[in-house]
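>>> Sharing a model that was predicted from the sequence below.
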Amino acid sequence: MRIAGSKQKLPIRSTSEGLNTRALRSEASVTLALASMDSHVVDLNKDTSALSKRVKSEFDEVEQYLWEVYQREPVKKDGSGDFTWKDQAAARRMSMSLQRYVISGMDPDFREQLYHAGRAMDADGLRWSILSAFRDDYRQSIASGLKAGAKNSRHGGSLRTGGYGHGQAIDVTGTEGTTMDQVWRWIDGHGGKYGLHRPMPGYDPAHVQSRRDWRKVAQNLRKRRNQLAQHEREVTLASLGRD
């Protein structure tokens, strides 16, 4: 009850107390938000490993490897000149990162073939690189020299392959002391093992694409890669158990 003529005194909080209270509320809200996502309470001040383990990389190991290979030769050029800007322009046009455009635009099975063939080339001491990977119809339309029609390219033409995510061809070269001829000869000698070949060695020697039962080849290669990864995980867990 308030008495007439008297003044009611209210408790006064210090500035630091108010800040601490707001901080506690903020911390509590973050903890609750995290708990609602996966039913695990995570203290961000102590341990963020629970979050990092749940965050997957945007690109898988195959895409990451092929992107590294693409970057080995940053300047993309052939007999018609420097065309580095063309992939960049095409990626911007689709509002994508360059990696997402040139690498992820290829068919997953084709990427699997390139991954295994590329690793084998690396093991043989050849430093190879990608001049051109996925191309949408626009990118194909601004390509120079001998080329297929905009929609009919194996690189990713909308009519020939289905477009983005279905590219089935790349142009390759050598870098860091490896010549393009060495890379091309390796493809001719070993590419068949990975379902790859150079269909036009005379007038488009850099062009590499899939052949015959390439889907089946890719599935077998992926199975082998996954089995190896599983074996390595088991070995790692076993070694940790002995420590």
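Noted; the coordinates are in hand.

>>> And the strands in this protein?
Assigned by DSSP state E, the strands in the chain fall at 77-78, 81-82, 128-132, 169-174, 196-197, 207-210.

>>> Out of the ones you listed, which gets nearest to Trp67?
strand 128-132 (9.1 Å; Cβ to Cβ). Using the backbone N, CA and C atoms, a C-beta is placed for each residue, glycine as well.

>>> then the closest one to CSV, C-alphas only?
Extracted in CSV, the C-alpha atoms of strand 128-132 (Å, rounded to 0.1, in the frame of the first residue of the first chain):
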residue,chain,number,x,y,z
TRP,A,128,48.5,-31.7,-64.3
SER,A,129,45.9,-29.0,-64.3
ILE,A,130,42.4,-28.2,-65.6
LEU,A,131,42.1,-25.5,-68.3
SER,A,132,38.3,-25.8,-68.6
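
>>> quick one, that strand and strand 169-174 angle?
Angle, strand 128-132 to strand 169-174, by axes from the mean of the first three to the mean of the last three Cα atoms, to 10 degrees: 140 degrees.

>>> Ok, which of the strands of the chain comes nearest Val102?
If you check each of these against Val102 by Cβ to Cβ, strand 128-132 wins as the nearest, at 7.7 Å.

>>> which residues touch the closest one?
Residues external to strand 128-132 that are found in contact with it (Cβ atoms under 8 Å, 6 or more residues apart in numbering): 66, 69-73, 76, 78, 83, 87, 102, 118, 121-122, 143, 155, 170-175, 178, 183, 186, 206.

>>> rerun at 6 Å
69-70, 72-73, 76, 121, 170-175, 183 (Cβ atoms under 6 Å, 6 or more residues apart in numbering).

>>> Then stretch 154-174?
With Cβ under 6 Å, 6+ apart, stretch 154-174 has contacts from 105-107, 110, 128-137, 151-152, 180, 182-183, 206-210.

>>> What residue, apart from its backbone neighbours, is nearest Ile130 spatially?
Nearest non-adjacent residue to Ile130, counting by Cβ to Cβ, 6 or more residues apart in numbering: Tyr70, 4.4 Å away.

>>> What count of nearby residues applies to the one you found?
21 (other Cβ atoms under 10 Å).

>>> Okay, it and Ser129: tell me how far apart.
7 Å (Cβ to Cβ, to the nearest Å).

>>> Likewise for Arg93?
Distance from Arg93 to Ser129, by Cβ to Cβ: 24 Å.

>>> neighbour count winner among those two?
Ser129 (22 against 12).

>>> Now mean pLDDT too, for the strands of the chain, in a markdown table please.
Below are the strands of the chain laid out as a markdown table (pLDDT from 0 to 100):
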| stretch | mean pLDDT |
| --- | --- |
| strand 77-78 | 92 |
| strand 81-82 | 94 |
| strand 128-132 | 98 |
| strand 169-174 | 98 |
| strand 196-197 | 98 |
| strand 207-210 | 97 |
